[in-house]
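**Q** what follows is a predicted protein model with its sequence.
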Amino acid sequence: MQSIPNPRLASSRDILVWAQTADRTALIAWLKWNDPNGDYSDDSPTAQEYGPLTIEEARAYVAEHVAEGRDPR
């Protein structure tokens with residue numbers, strides 16, 4: 001798995017650049033870490049109802065988190 005950037009240490013731009021080349025597993029791991037109350041797992045009720053999160057959706061969520069300044073501090 002690719003190294004996952006920590007929002008406390010990486011710039012917003014670095015995270016967005018990383019997200020463009022990260023695999024789906026790494027993106028979901030970052031989303032789960034950055035938003036512990038989020039619903040990103042393939043086993044979640046949301047995924048069972050709507051299908052698993054695609055890599056494009058995961059990238060869009062990462063960009064949204066960065067734009068909104070979400071940080072699990």
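**A** Great, that's in hand. Numbering: from 1, shown residues only.

**Q** now for the one helix or strand residue 28 maps to, which elements pack on it?
**A** For residue 28, the host element (DSSP states H and E) is helix 24-34. Applying 3 or more CB pairs under 8 Å, 6 or more residues apart in numbering; DSSP states H and E, we find helix 24-34 packed against helix 55-68. From N, CA and C alone the C-beta is placed, and that goes for glycine too.

**Q** the most far-flung residue of the chain relative to its centre and residue 11, how far apart?
**A** Within the chain, residue 49 marks the point farthest from the mean C-alpha position, 19.8 Å out by CA atoms, centre = their mean. Separation of residue 49 from residue 11 (CB to CB, to the nearest Å): 35 Å.

**Q** quick check, central residue of the chain?
**A** Centroid-nearest residue in the chain, with CA atoms, centre = their mean: residue 31, separated by 3.0 Å.

**Q** residues in contact with that one?
**A** Counting by CB atoms under 8 Å, 6 or more residues apart in numbering, residue 31 touches 38, 40, 58, 61-62, 65.

**Q** now the angle between helix 55-68 and the helix holding residue 28, please.
**A** 30 degrees (axes from the mean of the first three to the mean of the last three CA atoms, to 10 degrees).

**Q** off-centre distance for helix 24-34?
**A** Offset of helix 24-34 from its chain centre (CA atoms, centre = their mean, to the nearest Å): 4 Å.

**Q** buried set for that helix?
**A** Within helix 24-34, the residues scored as buried using 16 or more other CB atoms under 10 Å are 24, 26-31, 34.

**Q** closest one of the residues you listed to residue 53?
**A** Ranked by distance to residue 53 (CB to CB), the buried residues of helix 24-34 are led by residue 28 at 6.5 Å.

**Q** my guess is the closest one meets residue 40, correct?
**A** Yes: using CB atoms under 8 Å, residue 28 is in contact with residue 40, at 5.1 Å.

**Q** give me the common contacts of these two.
**A** Joint contacts of residue 28 and residue 40 (CB under 8 Å, 6+ apart) are 53, 58.

**Q** pull the number of nearby residues for the nearest residue to residue 20 once chain neighbours are set aside.
**A** Closest residue to residue 20 apart from its sequence neighbours, by CB to CB, 6 or more residues apart in numbering: residue 59 at 7.0 Å. For residue 59, the count of nearby residues is 16 (other CB atoms under 10 Å).

**Q** thank you, goodbye.
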